[in-house]
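Here is my input, please return the structure:
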Amino acid sequence: MSHYSPERPLRVCYFGTYRAGYTRNQIILKGLQSQPDVSVDICHAQLWHGIEDRVTQASGGWRNPSFWRRVAGAYRQLIRTHKQAPDYDVMLIGYPGQFDAYLGRRLAHARGRPVALDILMSLHLVAEERGLTIAHPATGRIIFQLERGGLHRPDLLIAENPEYGDYIANKYQLPAERFRYVPHGADETVFHPRPLQPPDDHFRISYHGGYLPSHGMDAIIGAADQLRDEPDMQFHFYGNGPEKERIVSRAEALSLPNVTFHGYIDQEELLDSLAQAHICLGVFGTTRQANFTVQNKVWEGLAMGRPVISGDSPTIRAALTDRKEIYLVERDDPVALAAALRALRDTPGLREEIAAAGHARYLAGNSIPAIGRQMKEALVAAIDSWNSPGRGN
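You can find the predicted model right below:
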């Protein structure tokens, strides 16, 4: 039995081969560490070397013996680190951790402790939306089977919201009562209002992100095409990703005069650029991943005190109020996006009201301390369930 008492700090073992630099893990860690009644011990081993590495392995690189030597080395290191870890009340496996759950369960349960997994995204769904399951069907089947087994191992599953949780529960036959919800957020030590102001001589529209299929980049380019004869409307794109080459080619084919691609820039330059945006763009794709989540870029724009336009969905409406905290438009609809941009250009009062209300909403529910509070509540629920009489612990 786990002997956690509210009278002392909750002790969390943050476990896995998770991506240490990934926004979700950083926010969850900082959020837990910001709670005065939580202590965190990090039990991490690096397995992945970035998105390209994961795509390479999912595209067949996993058949190479050198990859399995890497996996074995990472898990040996995790076992050693865990053996030296102090006692804890609950293990939390960071994202991506579906495959780590096999080992995590064995190690935590051997200590008589429950395991929680921060799912964040279905690995099979991500592979599916990036075309990997069609290009490599055998790998797709293996990812599905491994993810299904990994999701059945933890005592608690943490999803971003009920819509995504329901999808995963139905896909892998998981009981609804095993889920708790901790939303996305942003790191306000990085994304916060800055003194720079948007320019007076043109209307600046910013996209920052990874050029993913779920982002609906074609809708943004289509809106830029709709607005090509309005020279004050200027689009700025920041970042790199799988769709970038195609999107840049499309913009060049259309000879768009109002689009600038900045590529990857350092963080300070990006933050200054976002601070000067009249509008920050969210996500306009129609994939399941796009519809099931409120992406980091939405919260990051709101955290900076900028108004955000994003694609409509039940998930985002559950988190933010349309026309009050965010401006929502039909997804994959360049005409609707262009009309929204015109409307907010022409009503600066509404624009600033949305920015202020969106920023307040972010601080209340999606800042580092707010995320930390919600994650702590989820982990305490895992311990309570583990200690319930019916479990026999």
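
Which SSE is immediately downstream of the helix or strand of the chain with the lowest mean pLDDT?
Least confident helix or strand, the chain: helix 51-58 with a mean of 62, by mean pLDDT, DSSP states H and E. Note on helix 51-58: by DSSP states H and E, the next helix or strand toward the C-terminus is helix 65-84.

after that next one comes which helix or strand?
strand 90-93.

tell me what that next one is packed against?
When contacts are defined as 3 or more CB pairs under 8 Å, 6 or more residues apart in numbering; DSSP states H and E, strand 90-93 sits against strand 10-16, helix 101-110, strand 115-118, helix 368-386. Where you see a C-beta, it was placed from the backbone N, CA and C, and this is true even at glycine.

Averaged pLDDT, it. What do you get?
In this model, strand 90-93 has a mean pLDDT of 98.

Any chance you could list what contacts it?
Contact with strand 90-93 is made by 2, 4, 10-16, 18, 28, 100-101, 104, 107-108, 113-118, 154, 375, 379, 382-383, as judged by CB atoms under 8 Å, 6 or more residues apart in numbering.

Show me where the stretch 251-393 of the chain has its strands.
Counting by DSSP state E, counting those that start in this stretch, the stretch 251-393 of the chain has these strands, from start to end: 259-263, 279-281, 308-311, 327-329.

Direction included, what does the first one pair up with?
Pointing back at strand 259-263 there. Partner strands for strand 259-263, per DSSP bridges, with pairing direction: strand 233-238 (parallel).

so which of the strands of the stretch 251-393 of the chain gets nearest Arg63?
For Arg63, the closest of the strands of the stretch 251-393 of the chain is strand 259-263, at 33.3 Å, according to CB to CB.

Can you report the mean pLDDT over the residues of the closest one?
Strand 259-263 comes out at a mean pLDDT of 94.

got the buried residues for that strand?
Burial within strand 259-263, assessed by neighbour count using 16 or more other CB atoms under 10 Å, is assigned to 259, 261.

same question, stretch 358-372
Using 16+ other CB under 10 Å as the test for burial, stretch 358-372 gives 358-359, 361-362, 365-368, 370-372.

Can you tell me, leaving aside adjacent residues, what's nearest to Pro193?
Gly305 (3.8 Å; CB to CB, 6 or more residues apart in numbering).

With Thr81 instead?
Cys43 (4.9 Å).

The chain - how does it break down into domains?
Per the record, the chain has its domains at 10-185+368-391, 203-365, by automatic domain parsing.

Gln26: what secondary structure?
Secondary structure state of Gln26, per DSSP: H, G, I helix; E, B strand; the rest coil, is helix.

thinking again about what came up before, please identify the most buried of the helices and strands packed on strand 90-93.
strand 115-118 (a mean of 28; mean count of other CB atoms under 10 Å).

which residues sit against the helix or strand following that strand?
With elements assigned by DSSP H and E, the helix or strand that comes after strand 115-118 is helix 123-129. With contact meaning CB under 8 Å, 6+ apart, helix 123-129 is reached by 58, 96, 98, 133, 139-140, 143-144, 147, 167, 171, 213-214, 287-289.

follow-up on the earlier one: adding distance to Glu300 as columns, could you present the helices and strands packed on strand 90-93 in TSV?
TSV is the format used below for the helices and strands packed on strand 90-93 (distance: least, CB to CB, whole Å):
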stretch	distance to Glu300
strand 10-16	23
helix 101-110	29
strand 115-118	19
helix 368-386	13
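
Sort out which of the contacts of helix 123-129 are buried, if you could.
Using 16+ other CB under 10 Å, the buried ones in the contacts of helix 123-129 are 58, 96, 98, 133, 139-140, 143-144, 147, 167, 213-214, 287-289.

need the contact list for the residue nearest to Ala176 when sequence neighbours are not counted.
Once flanking residues are discounted, Ala176 sits nearest to Ala169: 5.6 Å by CB to CB, 6+ apart. Contacts for Ala169 (CB under 8 Å, 6+ apart) come out as 175-176, 179.

Next step: the residues you listed restricted to helices.
Among the contacts of Ala169, DSSP state H puts none in helices.

if we can go back for a sec, looking at the contacts of helix 123-129, which are in helices?
58, 133, 139-140, 143-144, 147, 167, 171, 288-289.

These: which two are farthest apart?
Longest span within these, CB to CB: Thr139 and Tyr167, 21.3 Å.

Hmm, the residue nearest to Pro193 is touching Ala357, no?
No: under the criterion of CB atoms under 8 Å, Gly305 is not in contact with Ala357, lying 10.6 Å apart.

can you count the residues close to Arg70?
Other residues near Arg70 come to 17 when the count uses other CB atoms under 10 Å.
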